[in-house]
Each structure stands twice: as C-alpha cells, then as structure tokens.
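got a sequence here, can you build the structure:
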Amino acid sequence: MNGILFVLVALTWGSSFLFMKIGLEGLSPQQVALGRVLLGALTLVAILLVTRRRWPRSIRLWGHLLVVAVFLNAVPSSLVAWAEQTVPSGLASIYNATTPIMVLLALPLLLPAERLRGRQLAGVLIGILGVLVLVGPWSLVGDPAVLATVPGQVALIGMTACYGFGLAYMRRFVAGSGYDAITLTTVQLTLGAGLMLLVAPFTATGAVHLDWRIVAAMVALGCLGTGLAYAWNTGLVQAWGAARASTVTYLTPVVGVVLGVLVLGERVRWNEPVGGVVILLGIALASGMLRRRARGVADGAGTGPAVTPAAAAAAEPVSRSARP
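Next up is the predicted model:
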C-alpha cells in the first residue's frame, strides 16, 4: 500500500506542472494560483472535519502559520504560475527539485546551530552548479526563445527560495506545536487562500475561459496536487520516515519532463536533464544519502549513521510541503 501511495504522490506532484500549463490556457497566472490554493484548502478542511481533528486555538501558532502560508503557498504559487507562461512545464518541475538546497541555505538564518558543514556545503555547491547547467548561460546569447525564459527561470528560483525560508521557519516556530501535519497544513492553506482572496480583486483579474480540460486540470491541481497528495505523503512519512519518503523528489522532475514532452510537445534541451541530475546529486550528498548508501554496501545492511539535523531538515521539508 505504501508503494502505491509513493507512486501516487510522485505522479500527482510531477503532473502538477502540466495541470498549471493547461490552466493558463484559460486563466491568468494569479487565477491559477488562487484556484489551486483555494481548492487545496477546501479539500483539507473536508479531511479535517471528516477525521474530527480540532483547529488550533493558539493565536501565536496561527500567526506563525500565517508567515508559513505566505512563503509556502501564496507567493510561490503565484511565482510558478507566472513563470509557466514562458517556461516549459518540464523545466519548472526540475527547478522545483532545488528546494532542499534552498532549505539548507535558509536554515542557518533561523537556526544558527544548523550551520553548513563540509559535506553539506559541498552538496550545496554542487546543487548551485546544477542550477547553472540548468540555465545554460551559453545558450542565452543568440537565441531569443531561450532568453525570453530567463525572467520565468528567475521566478522559479524565487519560488524555491520561498520554500526554503518557509520550511526553515516552520521548523523553527511550528514543528513543536503538538499538532499533526494535516491539521497544520489545513490551517496554513486556509490562511493562504484567505490572503489571496483579499488581493484577488487587484491581482486575479482578466477574462476567464473555461472548458472541461481547464476545469479538470484545476481540480486535479488543487484537490489532488495541493490537497490529497499531502495527506498521502503524510502517511508515507509516518510509515517510512522523512528521509525515505523525501525520495519522491527524485521522481517528480522525471514525471514533469515526460508529461511535458508527451502531452504538450515541449522540447528538452540537453543541459536541462543534465542540470537536474547534478542538482539531485548535490541533494543526495548534502542529505547524507550517498554516505548511507556507501555504508550500507560496506556493511551489507542498507543503513547508515543518522544524518545531521540540517540534513534531515533538507530531506523532510521536501516530503512535506515542496509542492510544485
């Protein structure tokens, strides 16, 4: 059953970039962002009510979750939807995989004890190198089509930077609240949807053109990708642990790229998958996965030393909230 959930999460999160691209055919970027967060919030509120979980009563906790909602939902959802106007959905899915690198960079800002150490720093540097390969600076000169995607790619880096800070903030101020992950995320998405509704009259403007494809894509993006997939992944974290569950990050870019090519006919430049592999290599090094694998081979046990708190945080947030 856990294996099925793992595949469902990978497929759902990986296909979210395709759903956004389809949604943009009839909606403005901010309308897509608002729709996904609002539908995700409604889905998790329904789960909260059915499972009879209680809403938190701490005003302080709600205040911290408001900050989390800004950096994990309202801002990054808007950035990725805006970016996908010019950036292929497959490339956006690869950029999303840089989130653990951003988490490692953000953690020392809020948790000084979580400063980067040798292996983690090496992993971050490799990840940054992967981003440079992904951008492909050599192709920006003389190719107007590639140059036109630069603002969108910068927005995607901003998206993962928001994820990094938001997840570090969550660990610092929310992790010990005593509430389960679904309850906290329900509050987080509800606050995010509320914020986006407040500014919607000024931002979510433009004509709306709906057909069955766009409606289906938005329902899948909101209810599944931003709602149910989180509940599924929470089950994986509980069953497998954060580090193992976070390996779904390695599959979502593959799903995103394949769907972009097969469904939308997107062209993949050679440096995009290469850059993605380099990024994932950096994540594996920074999180200690390579070291554990090597120890497992040497010992014949498949397990290794516990990762440091910063490395664990780099793995855990991806499994939690690094939604596309």
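
low-confidence ranges in the stretch 1-150 of the chain?
140-142 (pLDDT under 70).

all helices of it, in order?
In the stretch 1-150 of the chain, the segments counted as helices under DSSP state H, counting those that start in this stretch are 2-23, 29-50, 59-69, 75-83, 89-96, 99-110, 118-135, 144-147, 150-173.

now do the buried residues in the third one.
Within helix 59-69, the residues that count as buried by 16 or more other C-beta atoms under 10 Å are 61, 62, 64, 65, 66, 67, 68, 69. C-beta: built from backbone N, CA, C; applies to glycine.

out of those, flag the one nearest to residue 30.
Checking those against residue 30 by C-beta to C-beta gives residue 69 as the nearest, at 16.0 Å.

how near is that closest one to residue 193?
8 Å (C-beta to C-beta, to the nearest Å).

same question for residue 147.
In terms of C-beta to C-beta, residue 147 sits 35 Å off from residue 193.

hang on, the earlier thing: residue 255: which of the helices of the stretch 1-150 of the chain is closest?
Shortest distance between residue 255 and the helices of the stretch 1-150 of the chain, using C-beta to C-beta, is found for helix 2-23: 2.4 Å.

which strands and helices lie in contact with the closest one?
helix 29-50, helix 75-83, helix 89-96, helix 212-219, helix 229-240, helix 252-264 (3 or more C-beta pairs under 8 Å, 6 or more residues apart in numbering; DSSP states H and E).

I'd like to know how many residues surround residue 263.
By the criterion of other C-beta atoms under 10 Å, residue 263 has 13 neighbours.

residues contacting the residue lying closest to it once chain neighbours are set aside?
By the measure of C-beta to C-beta, 6 or more residues apart in numbering, the closest residue to residue 263 outside its immediate chain neighbours is residue 18, 6.0 Å from it. If a contact means C-beta atoms under 8 Å, 6 or more residues apart in numbering, then residue 18 has 89, 217, 256, 259, 260, 263, 264 as its contacts.

same question for residue 196.
Going by C-beta under 8 Å, 6+ apart, residue 196 touches 30, 33, 34, 37, 38, 74, 77, 78, 203, 204.

surely the fourth one touches residue 189?
Yes: in this structure, residue 37 sits in contact with residue 189. The criterion is C-beta atoms under 8 Å, and the distance is 6.2 Å.

between the two, which contacts overlap?
By C-beta under 8 Å, 6+ apart, the residues touching both residue 37 and residue 189 are 73, 226.

residue 147 and residue 193: which has the busier surroundings?
Legend: neighbour count by other C-beta under 10 Å for residue 147 and residue 193, higher for residue 193 (25 against 12).

relative to residue 33, how far out is the more buried one?
10 Å.

just give me the neighbour total for residue 227.
27.

what do you get for residue 274?
Burial of residue 274 is recorded as 14 neighbouring residues (other C-beta under 10 Å).

pretty sure it is touching residue 133, no?
Yes: checked against C-beta under 8 Å, the pair residue 274 and residue 133 is within contact range at 5.7 Å.

output the below-cut-off pLDDT ranges for the stretch 151-300 of the chain.
Short version for the stretch 151-300 of the chain, where the test is pLDDT under 70: 238, 241-246, 289-300.

on that earlier part again, so which of the contacts of residue 18 is the closest to residue 43?
Nearest member of the contacts of residue 18 to residue 43, counting by C-beta to C-beta, is residue 217, at 15.5 Å.

name all residues that make contact with that closest one.
Contacts for residue 217 (C-beta under 8 Å, 6+ apart) come out as 18, 19, 20, 22, 23.
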